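Novice: Make a model of this:
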Amino acid sequence: MPEIKELTDRLAAGDLTAIDALEQTIERIEARDAELNAVVVRDFDRARGAAAAADERLAHGERAPLLGLPMTVKESFNIAGLPSTWGLPEARDNIAAADSRVVRRLKGAGAVILGKTNIAIDLADFQSNNKVYGATNNPHMVGRSSGGSSGGSAAALGAGYVPAEVGTDIGGSVRLPAAFCGIWGLKTTYSLVSLEGHSHPGTDGAARPLSVAGPMARTAEDVELLLSIIAEHPLPGPRRESTAGARLAVIDTHPVGPIDSDVARVIDETCARAEAAGYVVDRNPQLPNLAEMHQAYVKMLLTVLSRGVAPEGVPPITLSDWFDLQDQQALFARAWNLALNEKYDGVLAPVFGTTAFEIDDIDMSTRKISIDGTATACGLQLAWAGLATYPNLPSISFPAGKGSDGLPIGLQLIGPHFGDRDVIALAKPIAI
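Specialist: Numbering: from 1, shown residues only. Sure thing, here's the model as predicted:
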């Protein structure tokens with residue numbers, strides 16, 4: 001059931017005040033967040049003023065999609081007067097002078113933003129653990145990762161603090177936390193949501209290639225509502241009036257990213273639900289070469305994250321090399337869109353090869369995770385994120401099952417360019 005509309009309907013009807021909704025949210029945070037460490041920047045006093053203003057607007061009959069709704073956003077989004085550190089100690093004193101465009105859109109829709117949630121250091125890890133704020137625990141099992149880099153966002157939702165969040169994704173940073181914490185998260189089509197005001201501390205340049213912002217919530221309907229608010233332009237509705245007969249390609253193996261038996265089982269269970277719902281499931285789909293695409297994705301990703309600065313001993317990338325990378329990306333994007341427009345309505349795949357791993361202080365480049373008892377390089381799991389990131393496609397991470405350890409397992413459903421509403425619609429009948 002959509003939580004945002006239920007709450008805003010109560011606010012509009014006068015059954016609840018925005019001040020009371022905010023105070024209840026603050027109480028939930030203060031009761032548990034010493035343990036989870038999700039809401040790391042708190043702006044409660046200013047939020048009380050915003051809630052009081054929302055109550056005045058409501059009393060005068062004003063209406064807006066999020067009017068009076070208490071929520072948080074990822075720490076890396078600028079909010080005037082609050083720190084945007086990206087988890088970097090050297091950026092502790094980086095205080096934003098103005099709101100990011102996403103925050104302006106949320107506030108314009110009436111949201112009461114009460115704080116910011118924890119991130120991975122430099123937004124570049126599968127856990128949210130940094131030297132500025134510390135580590136965020138998974139709300140389902142303390143000591144396990146809540147995901148990264150939007151791990152605080154997913155933990156705040158998974159713990160029931162807030163009904164709405166916004167994160168960013170370049171290497172699974174919305175989808176992985178959603179999968180680890182048992183909530184919904186949308187990696188949007190590239191450029192659909194503005195990243196103005198989401199820049200590396202101390203910079204204010206162009207948006208990064210591959211990187212997107214996207215909504216996170218506990219229900220599919222809430223993700224779709226948030227998307228309608230933060231998107232830069234309207235999206236077409238789902239292509240299908242009914243999901244019956246929808247063609248679903250399934251990727252359950254990858255030449256680079258292994259998965260464990262729990263994730264494989266959840267894929268099988270989800271496929272069974274899909275077939276029972278009338279989907280046409282293809283377990284041996286014809287899709288672009290995954291190994292070649294992963295290699296190209298990692299090369300582009302590392303170039304973007306380093307801004308072209310090559311590691312010691314490696315020749316720097318040339319402008320010609322960069323254009324070649326863009327051409328290769330465009331070819332893969334065309335191939336994926338062709339498959340998603342002519343053969344399939346969506347592609348079902350894992351988000352990560354295991355449930356949430358134990359929080360550590362190990363660099364992602366050297367971390368190992370266990371795949372059915374075999375120590376495996378954690379970084380190989382980027383292969384699953386790259387399926388949608390590299391060709392700039394939308395992908396929804398949705399709750400699909402649980403592991404033998406009781407932790408959530410999320411899967412992702414990928415669609416064609418600007419098919420963001422399609423992937424939400426296709427995922428709804430097969431989610432748990």
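Novice: L186 against V166, yeah?
Specialist: No: with contact defined as C-beta atoms under 8 Å, L186 and V166 do not form a contacting pair (9.9 Å). No exception for glycine: its C-beta is placed from N, CA and C like everyone else's.
Novice: Quick check: neighbours shared by these two?
Specialist: Each of 214-216 lies in contact with both L186 and V166 under the rule C-beta atoms under 8 Å, 6 or more residues apart in numbering.
Novice: Just the ones of those in strands?
Specialist: 214-216 (DSSP state E).
Novice: What is the nearest of those residues to R175?
Specialist: Ranked by distance to R175 (C-beta to C-beta), those are led by G214 at 8.7 Å.
Novice: what bridges to that closest one?
Specialist: Beta-bridge partners recorded for G214 (DSSP bridges): G167.
Novice: Tell me the pLDDT of the residue with the largest distance to the centre of the chain.
Specialist: Distance from the C-alpha centroid of the chain, by C-alpha atoms, centre = their mean, peaks at H60 (35.9 Å). Per-residue pLDDT puts H60 at 98.
Novice: for the one 3 residues further on, same thing?
Specialist: As predicted, R63 sits at a pLDDT of 97.
Novice: before we move on, what about M1?
Specialist: What the model reports as pLDDT for M1 is 70.
Novice: Pull the number of nearby residues for E292.
Specialist: Neighbourhood size, E292 [other C-beta atoms under 10 Å]: 12.
Novice: Now do it against G171, distance only.
Specialist: Noted for E292: a distance of 18 Å to G171, by C-beta to C-beta, to the nearest Å.
Novice: Could you pull up the residues touching the residue nearest to L192 when sequence neighbours are not counted?
Specialist: Distance criterion C-beta to C-beta, 6 or more residues apart in numbering; nearest residue to L192, sequence neighbours excluded, is A231 at 5.4 Å. Contact analysis of A231 by C-beta under 8 Å, 6+ apart lists 188, 192-193, 420.
Novice: Output the residues you listed in CSV, with distance to L176 and pLDDT appended to each entry.
Specialist: Listed next are those as CSV, based on distance: C-beta to C-beta, whole Å; pLDDT from 0 to 100:
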residue, distance to L176, pLDDT
T188, 15, 98
L192, 20, 98
V193, 18, 98
D420, 18, 98
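Novice: Narrow these to those in helices?
Specialist: Taking DSSP state H, the ones among those that sit in helices are D420.
Novice: Among the contacts of A231, which one sits closest to D43?
Specialist: Nearest to D43 among the contacts of A231, with distances taken as C-beta to C-beta, is V193, at 22.2 Å.
Novice: give me the low-pLDDT residue ranges for this protein?
Specialist: For the chain, no stretch is flagged by pLDDT under 70.
Novice: and if we set it to 90?
Specialist: Across the chain, residues meeting the criterion (pLDDT under 90) sit at 1, 310-316.
Novice: Centre-most residue in it?
Specialist: V174 (1.5 Å).
Novice: Contacts only, for the residue lying closest to L287 once chain neighbours are set aside.
Specialist: Residue nearest to L287 in three dimensions, not counting chain neighbours: A339, with 5.7 Å by C-beta to C-beta, 6+ apart. Counting by C-beta under 8 Å, 6+ apart, A339 makes contact with 249, 285-288, 347.
Novice: Same check on S76?
Specialist: Counting by C-beta under 8 Å, 6+ apart, S76 has contacts 84, 86, 119, 123, 149, 168, 198.
Novice: likewise I369?
Specialist: Applying C-beta under 8 Å, 6+ apart to I369 gives the contacts 353-354, 357, 375-376, 378, 381.
Novice: Kindly write the ChimeraX command that selects the buried subset of the residues you listed.
Specialist: In ChimeraX, a selection of the buried entries from the contacts of I369 looks like this (16 or more other C-beta atoms under 10 Å):
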select :353,354,357,376,378,381
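Novice: for the stretch 51-200 of the chain, what spans make up the helices?
Specialist: All helices of the stretch 51-200 of the chain, identified by DSSP state H, counting those that start in this stretch, fall at 101-108, 151-158, 175-181.
Novice: With distance to M141 as added columns, please give these in a markdown table.
Specialist: Shown next, in a markdown table, are these (distance: least, C-beta to C-beta, whole Å):
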| stretch | distance to M141 |
| --- | --- |
| helix 101-108 | 30 |
| helix 151-158 | 11 |
| helix 175-181 | 10 |
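Novice: Tabulate those (a markdown table), appending distance to K299 and mean neighbour count.
Specialist: Formatted as a markdown table, those follow (distance: least, C-beta to C-beta, whole Å; neighbours: other C-beta atoms under 10 Å):
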| stretch | distance to K299 | mean neighbour count |
| --- | --- | --- |
| helix 101-108 | 29 | 20 |
| helix 151-158 | 26 | 34 |
| helix 175-181 | 21 | 35 |
